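Engineer: When you get a sec, could you give me coordinates for this:
(one chain, ligands or ions: 2)
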Amino acid sequence: VAAVAQINTEISVALVGKEFSQQTLDDFLIKLDGTPAKSRLGGNALLGISLAFSRAVAAEQKVELYRYFGALAGNTAFVMPIPMFNVLNGGKHAKNGIEIQECMLVPIGFSRMRERVDAAVACVVTLKTLIEQKGHGTEMGDEGGFAPALKTNDEAMDLLVSAITAASYTTGQIKLALDVAASSLNNFDKEKMSAWYKTIAKNYPLTSIEDPFTEDDWERFAALRAAIGKRILIIGDDLTVTNTDRIARAAREHAVNAVIIKPNQVGTVTETIAAVAAVHANGWKAVASNRSGETLDTWIADIAVGLGCEYIKAGAPTKPERMAKYTRLIEIESALP
Ligand code: PGA
Ligand code: ZN
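Structural biologist: Ligands and ions are numbered 1, 2, ... in the order given. A predicted model of the protein is given here:
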């Protein structure tokens with residue numbers, strides 16, 4: 001609501017009657033805001049305009065949105081991102097014994113998006129049954145994941161493995177990923193969690209850990225990456241906030257090997273492209289991500305494909321605003337050669 005008010009007043013007065021390209025529009029928005037973190041007008045207001053411009057130009061050029069983004073980023077080899085489905089929640093998003101904010105399923109052993117989504121849907125069905133059998137509730141969190149009152153992090157990991165096998169898939173086909181969101185935890189035990197990460201990297205079919213430590217704990221990020229980063233993606237989100245300066249620092253400190261891309265953290269399409277380019281310049285993976293409180297809009301799917309992000313996080317395949325992103329990916333894939 002605040003974003004809409006900003007757009008209808010100050011921003012629209014400043015923009016109307018001028019000619020822009022994506023780059024000059026985004027530069028103009030950055031200057032108009034005038035703060036390093038877009039704290040005056042806000043990332044949501046600026047991104048809304050930047051994206052509306054992208055949509056309008058793509059429509060005028062009669063090209064799909066992901067192709068428009070691809071042209072801006074110099075990317076023509078469109079490869080589908082691997083989705084990470086957030087199906088089990090703890091931390092701030094739930095009141096249970098799990099510290100981890102998001103436990104995700106990563107279907108890697110499939111060639112088409114449709115199969116990946118079907119596999120995730122099948123696992124959600126078995127997961128629900130397993131949670132009911134344990135006598136827990138199956139209400140969903142904001143991103144559509146379950147938040148049962150499990151006692152430990154290990155119980156969550158075991159439950160996901162059981163859901164995969166109960167759905168007749170293997171842990172070679174479907175892996176696990178975590179977003180710890182350590183900065184949102186009140187009693188975060190760094191030493192205990194650090195040891196736990198190394199244990200689960202051995203004992204579970206784990207592919208990635210996002211925000212394993214708080215957002216300024218560069219050293220622990222680097223130590224974990226040194227310990228398990230050859231096999232596991234150590235992903236920055238609150239650490240890097242889609243900001244090229246923070247991404248550059250992460251490179252100097254060897255803190256991560258993958259980065260979350262949330263366009264409304266940075267504010268414009270041009271800066272999102274720069275952030276993904278910086279991630280790829282380090283040889284790291286980019287993970288496009290939706291937010292809590294999403295709408296049915298699917299532009300994040302086009303960003304992921306257009307900018308060549310290797311992964312996308314768009315919640316569980318249980319809520320319409322989350323499923324819309326996966327449906328859009330299926331649609332994009334079906335139009336690719
Ligand atoms: P959000 O982020 O709740 O700030 O949208 C989810 C995440 O931590 O990835
Ligand atoms: Zn996160």
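Engineer: Check for me that residue 106 belongs to a strand.
Structural biologist: Yes. Per DSSP: H, G, I helix; E, B strand; the rest coil, residue 106 lies within a strand segment.
Engineer: My guess is it contacts residue 86. True?
Structural biologist: No. Under the contact definition of C-beta atoms under 8 Å, residue 106 does not touch residue 86, with a separation of 10.6 Å. From N, CA and C alone the C-beta is placed, and that goes for glycine too.
Engineer: between these two, which one's more packed in?
Structural biologist: In this comparison of residue 106 against residue 86, neighbours counted by other C-beta atoms under 10 Å, the higher total goes to residue 86 at 28 against 23.
Engineer: Make sure that one is actually in contact with residue 103.
Structural biologist: Yes. Here residue 86 lies in contact with residue 103, judged by C-beta under 8 Å, at a distance of 7.4 Å.
Engineer: okay, and the common contacts of the two?
Structural biologist: Residues within reach of residue 86 and of residue 103 at once, by C-beta atoms under 8 Å, 6 or more residues apart in numbering, are residue 145.
Engineer: Contacts for stretch 69-83, please.
Structural biologist: Stretch 69-83 has contacts (C-beta under 8 Å, 6+ apart) with 22, 54, 63, 66-67, 106-108, 113, 116-117, 120, 269-270, 273, 276-277, 288, 302-314, 326, 329, 332-333, 336.
Engineer: Write out the residues of the stretch 201-337 of the chain neighbouring ligand 2.
Structural biologist: Taking C-beta under 5 Å from the ion as the criterion, the neighbours of ligand 2 within the stretch 201-337 of the chain are residue 237.
Engineer: hmm, 6 Å instead?
Structural biologist: 210, 211, 237, 260 (C-beta under 6 Å from the ion).
Engineer: Give me the distance between the third one and residue 102.
Structural biologist: Looking back up the chat, that one is residue 237. Here residue 237 is placed at a distance of 10 Å from residue 102 (C-beta to C-beta, to the nearest Å).
Engineer: likewise residue 134?
Structural biologist: When distance is defined by C-beta to C-beta, residue 134 is 20 Å away from residue 102.
Engineer: So for these two, which residue has more residues nearby?
Structural biologist: Neighbours per residue, other C-beta under 10 Å: of residue 134 and residue 102, the larger number sits with residue 102, 26 against 12.
Engineer: I'd say that one and residue 145 touch.
Structural biologist: Yes. Applying C-beta under 8 Å, one finds residue 102 in contact with residue 145, separated by 6.8 Å.
Engineer: joint contacts of the two?
Structural biologist: Contact criterion C-beta under 8 Å, 6+ apart; residues shared by residue 102 and residue 145: 86, 88, 89, 93.
Engineer: Just the ones in strands from those residues, please.
Structural biologist: Secondary structure of these is defined by DSSP state E; positions in strands are 86, 88, 89.
Engineer: any idea which of these is closest to residue 196?
Structural biologist: Minimum separation from residue 196 among these (C-beta to C-beta) is found for residue 88, which lies at 16.3 Å.
Engineer: Test my guess that that closest one contacts residue 144.
Structural biologist: No. Taking C-beta under 8 Å as the contact criterion, residue 88 and residue 144 are not neighbours in contact, 10.7 Å apart.
Engineer: More neighbours: the two, which one.
Structural biologist: Residue environment comparison for residue 88 versus residue 144 gives the larger neighbour count to residue 88, 30 against 22, counting by other C-beta under 10 Å.
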